[in-house]
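*Asks:* need coordinates for the below:
(one chain, ligands or ions: 1)
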Amino acid sequence: MIKQGGTYVVMGLLDHESISYAVGKTIEKFGGKVIYTVQNEKFKRVFLDRGSELSEDEVNALNIEFCDVTIDEQIKTLFEKIGRIDGVVHSIAFANPRTCLGAEFHTDAVDDIKQGFHISCVSLARVTKYAQLAMPQGGSVVTLTFDSRNAYAFYNWMSVNKAALEALVRNLARRHGKDLVRVNAVSAGPLFTKAASKIPGFGNLSDTWQVISPLPWDTEADKYEIANAVAFLLGPYSKKITGQTVFVDGGASIIGGQMLPHERAAVEATV
Ligand SMILES: NC(=O)c1ccc[n+]([C@@H]2O[C@H](COP(=O)([O-])OP(=O)(O)OC[C@H]3O[C@@H](n4cnc5c(N)ncnc54)[C@H](O)[C@@H]3O)[C@@H](O)[C@H]2O)c1
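*Replies:* Here you go, the predicted structure:
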């Protein structure tokens, strides 16, 4: 599914709940090598502290670099340092939950809005610019988004960032076609992670999925379904796909209204 022995940079590791961790494990399962990035030294400690179930060998085998995506020099240095790569996963977002998410959409905290836009959207362009130099024969960049075609309660300015991120994916795909670098997004349904826990009313979002998703949706286990789709977009089976937002959300995004009781799955799917 991915290039055997290929090297992939997976950005945005926080803990074992992170989507990036599921993506990294999946890449390794399919025969790739993973370089994770964490925001800074403190975040690496957070990851190791919360990962007490990892053996010493597993910890030693982890390749973890630092990169704060608001600091251009760090992005540049990262991609100069690590040598040739085959792809990048951008699994990064932030918006101040006190001002940019919540019951009230309007906020006077314009600097917080700008910070959220920089981290959650603009950073994909900065990462792609420098990562492309480490992919001289082409490669794949994949980012993570959440349905921006609809306005959800509480998600507010992050929804605006995600709409911009999806537009950025299309523009980057156009710009980097000549470099044979593809750029795509996976639009995931709600999953329990640290970032999700910061969204006031996240429970409401996950409950919504139970009534609008045609396929059963599991906010824990389906992280690995997201990871499978990311691996597909990283690898050679998606060679002619670029600029797309691929929905991996149980189908929720195509439903008008709610799923009615007679439309629900009677049993858990096995395939
Ligand atoms: N959890 C969900 O329900 C869900 C659904 C759809 C999309 N997503 C997206 O998936 C991506 C990963 O989120 P997650 O849910 O795994 O949460 P997470 O909290 O595990 O990951 C978010 C990561 O962003 C990083 N980050 C924030 N600011 C940064 C900065 N300045 N520099 C570098 N890194 C920075 C954090 O350190 C963290 O590692 C995000 O883009 C999120 O919006 C999540």
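
*Asks:* around the ligand, pick out the residues from this protein.
*Replies:* Within the chain, the residues that sit near the ligand (CB under 6 Å from any ligand atom) are 12-14, 18-20, 39, 43, 67-70, 91-94, 119, 144-146, 188, 190-191, 193-196. Every residue, glycine included, has its C-beta placed from N, CA and C.

*Asks:* low-confidence regions, the stretch 1-150 of the chain specifically.
*Replies:* Counting by pLDDT under 70, the ranges of the stretch 1-150 of the chain that qualify are 51-53.

*Asks:* what's the PyMOL line that selects buried ones from the residues of the chain next to the ligand?
*Replies:* In PyMOL syntax, the buried subset of these is picked out as below (16 or more other CB atoms under 10 Å):
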select buried, resi 12+13+14+18+19+20+39+43+67+68+69+91+92+93+94+119+144+145+146+188+190+191+193+195+196
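
*Asks:* the residues of the chain next to the ligand in helices, which ones?
*Replies:* Ile19, Ser20, Phe43, Lys194, Ala195, Ala196 (DSSP state H).

*Asks:* need the residues you listed in a markdown table with distance to Ala266, can you?
*Replies:* As requested, these are exported to a markdown table (distance: CB to CB, whole Å):
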| residue | distance to Ala266 |
| --- | --- |
| Ile19 | 30 |
| Ser20 | 34 |
| Phe43 | 43 |
| Lys194 | 34 |
| Ala195 | 33 |
| Ala196 | 29 |
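
*Asks:* let me know the closest of those residues to Val246.
*Replies:* Of all these, Ile19 has the smallest distance to Val246: 14.3 Å, by CB to CB.

*Asks:* I'd assumed Glu225 was in contact with the closest one.
*Replies:* No. In this structure, Ile19 is not within contact of Glu225 by CB atoms under 8 Å, at 10.8 Å.

*Asks:* in a helix, Phe247, correct?
*Replies:* No. Secondary structure of Phe247 (DSSP: H, G, I helix; E, B strand; the rest coil): strand, not part of a helix.

*Asks:* neighbours around it, how many?
*Replies:* Phe247 has 19 neighbours, counted by other CB atoms under 10 Å.

*Asks:* surely it and Ser187 touch.
*Replies:* Yes. Counting by CB under 8 Å, Ser187 is a contact partner of Phe247 at 4.6 Å.

*Asks:* which neighbours do those two share?
*Replies:* Asp147, Ser253 (CB atoms under 8 Å, 6 or more residues apart in numbering).

*Asks:* what distance do you get for Met1 to Gly32?
*Replies:* Distance of Met1 to Gly32, given as CB to CB, to the nearest Å: 9 Å.

*Asks:* neighbour count winner among the two?
*Replies:* For Met1 versus Gly32, the count of surrounding residues by other CB under 10 Å is larger for Gly32: 23 against 17.

*Asks:* where along the protein do the strands fall?
*Replies:* 7-11, 33-38, 64-66, 87-90, 139-145, 181-188, 245-248 (DSSP state E).

*Asks:* so what strands line up beside the fifth one?
*Replies:* So that's strand 139-145. Partners of strand 139-145 in the sheet, by DSSP bridges, are strand 87-90 (parallel), strand 181-188 (parallel).

*Asks:* what helices or strands is the longest helix along the chain leaning on?
*Replies:* Longest helix in the chain, counting residues (DSSP H): helix 156-176. Applying 3 or more CB pairs under 8 Å, 6 or more residues apart in numbering; DSSP states H and E, we find helix 156-176 packed against helix 110-117, helix 123-133, strand 139-145, strand 181-188.

*Asks:* in CSV: these, plus distance to Ala61.
*Replies:* What follows is the helices and strands packed on helix 156-176, written out as CSV (distance: least, CB to CB, whole Å):
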stretch, distance to Ala61
helix 110-117, 34
helix 123-133, 23
strand 139-145, 23
strand 181-188, 26
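
*Asks:* quick check: the residue lying closest to Asn156 once chain neighbours are set aside vs the ligand, distance?
*Replies:* Once flanking residues are discounted, Asn156 sits nearest to Phe105: 5.0 Å by CB to CB, 6 or more residues apart in numbering. Distance of Phe105 to the ligand, computed by CB to the nearest ligand atom, to the nearest Å: 18 Å.
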